[in-house]
Structure formats: C-alpha cells, structure tokens
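Enquirer: quick one, fold the following:
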Amino acid sequence: MLSRPRSLPFTLALFLIPLSLLPGCNRQKAAEAPGADSADVKVEELHSEGAVQVDHPEQFQLATVENQATVDELHVTGSVTPDVSRSVPVLSLAGGRAVDIRAKLGDEVTKGQVLLVIDSPDVSQAFSDYQKAQADEAFARQQLARAQDLFDHGAAPRQDLETAENTEKKAQVDVRTTQQHISVLGADINNPSPLISIRAPISGSIVEQNVTSGTGVRSMDNSPNLFTIANLSSVWLLCDVFENDLHRVSLGDSAEVQLNAFPDRVFKGRVGNISTVLDPATRSAKVRLELANPGGLMRAGMFATATFRSRTQQMQPTVPTTAILRLHDKDWVFVPLGGNRFRRLEVQAGPANSSGSQVILSGLTAGGKVISNALQFASAAGME
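Expert: Below is the predicted model:
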C-alpha cells in the first residue's frame with residue numbers, strides 16, 4: 001500500500017490560510033482602523049464630471065440662489081483728456097522766428113494775452129506791399145482829377161476819364177487787400193514793424209507747447225501747433241472697453257470716476273460716445289465719458305477708474321461671494337446632487353455688490369442650492 005506524500009499537509013495548509021491575510025482584506029481593515037478621518041472626501045466614479053461625495057455633508061452649509069434687482073456694473077480704466085470742443089490750437093499765419101516766449105506749458109492764460117513774439121519777414125513784405133498800394137492809389141487819384149478837369153474843359157474824351165476812374169478803383173482795392181493781409185498776419189496797421197504778437201484766442205490752460213525761443217515758425221504750415229489752449233472746466237475720460245463688454249455700455253449711461261491722485265473723491269460722468277472702431281491689438285473700443293471738472297482737479301494725462309452703471313435694474317440670480325471658486329480662469333460653484341453627493345458646476349460670475357453677494361450671469365437659476373463656502377469645500381475635497 002502506497003503511503004501519502006508528505007507534502008499534502010503543507011498543500012492543504014496553503015488553502016487554509018486565513019482570508020484576513022490577503023492584501024485586499026488588509027486594506028479594508030486599515031480603512032476600518034481606529035483613527036481614520038471621518039470627514040474623508042473621495043472622488044466619486046460618476047459619469048458627471050466633477051462629482052464628489054463626502055461622508056459628512058452636514059458640515060458644509062448650503063446657500064439659496066436668490067433673485068435680486070441689480071444694476072449692471074463694469075469697471076474699466078482710462079485717462080483724462082481735454083474736451084476737443086473746448087480746445088483751440090494757437091497758429092501763426094506769418095513765418096519767421098520766435099524771439100520772445102511769454103507763456104509755457106501748464107500756464108493759465110486769458111483771452112488776448114500775448115503768448116509769444118515773432119520776428120516775421122512776411123509782415124515786412126506785407127507792409128511794403130501796403131505802402132506801395134497807397135502810393136499807387138494816390139497817383140491814380142491825381143490822374144483821375146486831371147482827367148476829370150480835361151474832360152470838363154473838352155480837352156479829353158470820355159474814354160480817358162473812364163480809364164482813369166477804373167485805375168483809381170483798382171488802386172483802392174489794392175490798398176484794402178494789403179490792409180487785410182497785414183491784419184490776417186496779426187500785425188497792427190498803425191505800427192509798421194516786423195514784430196508781431198501771437199495772442200491767446202481763448203482763456204484756459206496751455207496743454208501743448210511746440211515752440212521755444214529761437215524756433216523757426218513756418219507760415220501757413222504750422223504742424224504741430226505752436227500752442228494748444230484747453231478750457232478744462234469740462235474734460236473727457238477715454239476708457240478702453242473690451243469687445244466682450246461693449247454690450248454692457250450704452251450712450252447716456254452714468255458712471256463714477258475715481259482718480260488715482262484723489263482716491264477718496266468720486267466724480268460723476270455720462271457716456272457721450274462709443275467708438276465704432278476696435279483697436280486690432282487690444283480688441284477694445286474707446287468709450288468717452290464727459291464730466292465736469294470742479295476746481296480743475298482733473299488734469300490731462302491723469303489715470304482713473306470708471307464704473308459704468310446701466311440706467312435700468314434687472315432681476316438676476318445672486319449667491320454669496322464665498323460660494324464662487326475661481327479656478328483655472330473660470331468660475332465654479334458646488335451644487336448638491338442629493339444625499340452626500342455634490343457636483344462642481346461652471347458659472348459666469350458678474351459684479352459683486354456691497355451686501356456680500358455676487359451676480360450670476362449664467363449657469364444658475366433662482367431657488368437652487370450651492371455650497372456657501374466653495375473654497376473650504378474644494379480644500380476638503382483636495383481639488384486643484
């Protein structure tokens with residue numbers, strides 16, 4: 001009779017190994033071991049992207065999406081510029097050389113004030129033409145008197161008299177033309193001098209200066225202007241608004257302006273123009289705000305922040321600002337799916353208001369529920 005192999009007991013022993021020693025069971029016991037975090041959050045294997053489940057959902061407070069009457073707000077930056085309709089360039093129709101500068105950039109000037117003096121050969125030529133025209137007119141007047149006397153005594157035909165009258169009229173026209181030329185150049189007909197004074201056409205501030213002492217001045221081709229004077233009692237604020245936000249700005253909308261130089265003061269303005277042309281580099285359009293400038297506090301070139309507000313209110317869903325999580329350049333909220341399950345939902349957040357709530361432009365409707373503290377929930381879930 002054959003004997004049993006000695007290895008049989010060892011083989012049976014292998015099959016009798018306690019299941020508790022298997023690796024899977026070890027992991028299960030480790031999970032059930034005392035000291036494990038009871039609020040452990042794990043990603044749920046659902047078809048919905050961003051779904052998670054928590055063991056203790058009661059520790060996360062929910063907030064209700066509410067409908068509130070809101071005014072659409074848009075915050076943009078801009079710079080102060082003079083009102084073009086209140087800005088006047090200072091020109092000289094006489095060429096020459098600037099010999100005396102009496103006003104500088106930033107000065108306050110009054111209408112008629114002398115800004116600079118120019119030594120102009122054009123004025124000298126104009127006076128020369130005027131004096132010649134006067135001499136020609138005096139000679140033509142004498143010729144007319146002589147022709148009239150001869151005609152009266154029958155010593156000259158009527159044709160000679162008419163020719164003399166015509167010459168006299170032409171001479172008078174030349175005198176008036178040369179007088180007007182001197183006046184246009186800015187000289188005084190009673191003071192025959194090549195020096196002319198360029199005066200301020202309006203009262204205001206000099207916001208541009210392109211001439212210095214000794215600078216040559218070109219006649220009839222002043223580019224750039226000698227000076228630019230602006231009345232800064234009313235100014236413009238030119239803002240850059242991106243094309244995605246243009247639908248939120250309309251003509252006549254009110255706006256609040258805060259200057260970087262005076263952060264504690266708020267100025268009121270209205271939208272006066274929206275450019276129909278976009279900057280191809282920035283994809284933005286210029287929006288012009290028109291506002292009063294009491295005391296001249298706003299100066300050309302100052303930077304400012306403008307807040308546009310629509311003229312009508314509209315009902316929009318709002319949630320607490322803490323319910324919105326900004327992640328990867330997108331806005332997210334967490335909504336309950338029932339039980340201990342939640343889902344991350346992308347929304348488009350609008351402006352926040354002083355009450356601590358924020359408008360939701362799309363993604364949520366009133367009456368829904370969201371996690372009131374999205375950052376806390378995301379941190380507990382280990383989301384990045």
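
Enquirer: any regions of the stretch 51-200 of the chain where pLDDT drops low?
Expert: Applying pLDDT under 70 to the stretch 51-200 of the chain picks out no residues at all.

Enquirer: which element, helix or strand, includes the residue most central in space within the chain?
Expert: Most central in the chain under Cα atoms, centre = their mean is Cys239, positioned 1.3 Å from the mean C-alpha point. Element membership for Cys239 (DSSP states H and E) is strand 234-242.

Enquirer: got the contact list for that strand?
Expert: Among residues not part of strand 234-242, those counted as contacts by Cβ atoms under 8 Å, 6 or more residues apart in numbering are 74, 76-84, 86, 249, 257, 269, 272, 274, 279, 282-293, 298, 300, 304, 306. Just so you know, the C-beta spots here come from the backbone N, C-alpha and C atoms, and that holds for glycine as well.

Enquirer: just the buried members of these?
Expert: Listed as buried from the contacts of strand 234-242 are 74, 76, 78, 80-83, 86, 249, 257, 269, 274, 284-291, 293, 298, 300, 304, 306; burial here means 16 or more other Cβ atoms under 10 Å.

Enquirer: so which of those are in strands?
Expert: Taking DSSP state E, the ones among the buried ones among the contacts of strand 234-242 that sit in strands are 74, 76, 78, 80-82, 257, 269, 274, 284-291, 304, 306.

Enquirer: just the helices in the chain please.
Expert: When assigned using DSSP state H, the helices of the chain occupy the ranges 8-15, 23-32, 121-152, 158-185, 374-381.

Enquirer: most packed of these?
Expert: Of all the helices of the chain, helix 374-381 carries the top mean neighbour count, a mean of 18, counting by mean count of other Cβ atoms under 10 Å.

Enquirer: show me what that one is packed against.
Expert: With contacts defined as 3 or more Cβ pairs under 8 Å, 6 or more residues apart in numbering; DSSP states H and E, the secondary structure elements packing on helix 374-381 are strand 41-43, strand 51-54, strand 325-327, strand 330-338.

Enquirer: save the ones you listed as CSV, and put in distance to Ala94 and mean neighbour count too.
Expert: What follows is the helices and strands packed on helix 374-381, written out as CSV (distance: least, Cβ to Cβ, whole Å; neighbours: other Cβ atoms under 10 Å):
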stretch, distance to Ala94, mean neighbour count
strand 41-43, 83, 15
strand 51-54, 82, 18
strand 325-327, 64, 16
strand 330-338, 64, 17
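
Enquirer: turn the ones you listed into JSON lines, including distance to Pro351.
Expert: Formatted as JSON lines, the entries for the helices and strands packed on helix 374-381 read as follows, by distance: least, Cβ to Cβ, whole Å:
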{"stretch": "strand 41-43", "distance to Pro351": "32"}
{"stretch": "strand 51-54", "distance to Pro351": "29"}
{"stretch": "strand 325-327", "distance to Pro351": "14"}
{"stretch": "strand 330-338", "distance to Pro351": "12"}
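
Enquirer: circling back: how about the residue nearest to the centre of the chain: what's its closest non-neighbour residue?
Expert: Taking Cβ to Cβ, 6 or more residues apart in numbering as the measure, Cys239 lies nearest to Gly78, with 3.5 Å between them; neighbours along the chain are not counted.

Enquirer: of all the helices and strands packed on helix 374-381, which one is nearest Arg158?
Expert: strand 330-338 (98.9 Å; Cβ to Cβ).

Enquirer: mind listing what the closest one pairs with, with the direction of each?
Expert: In the sheet containing strand 330-338, the strands it pairs with under DSSP bridges are strand 325-327 (antiparallel), strand 341-352 (antiparallel).

Enquirer: winner for burial among these?
Expert: A comparison of these by mean neighbour count, using mean count of other Cβ under 10 Å, puts strand 341-352 on top with a mean of 18.

Enquirer: how deep is Asn67 tucked in, by neighbour count?
Expert: When neighbours are defined as other Cβ atoms under 10 Å, Asn67 has 13 of them.

Enquirer: run through the bridge partners of it.
Expert: Counting by DSSP bridges, the residues bridging with Asn67 are Pro317.

Enquirer: give me the distance between the two termini of stretch 151-165.
Expert: With Cα to Cα, to the nearest Å applied, stretch 151-165 spans 12 Å between its terminal residues.
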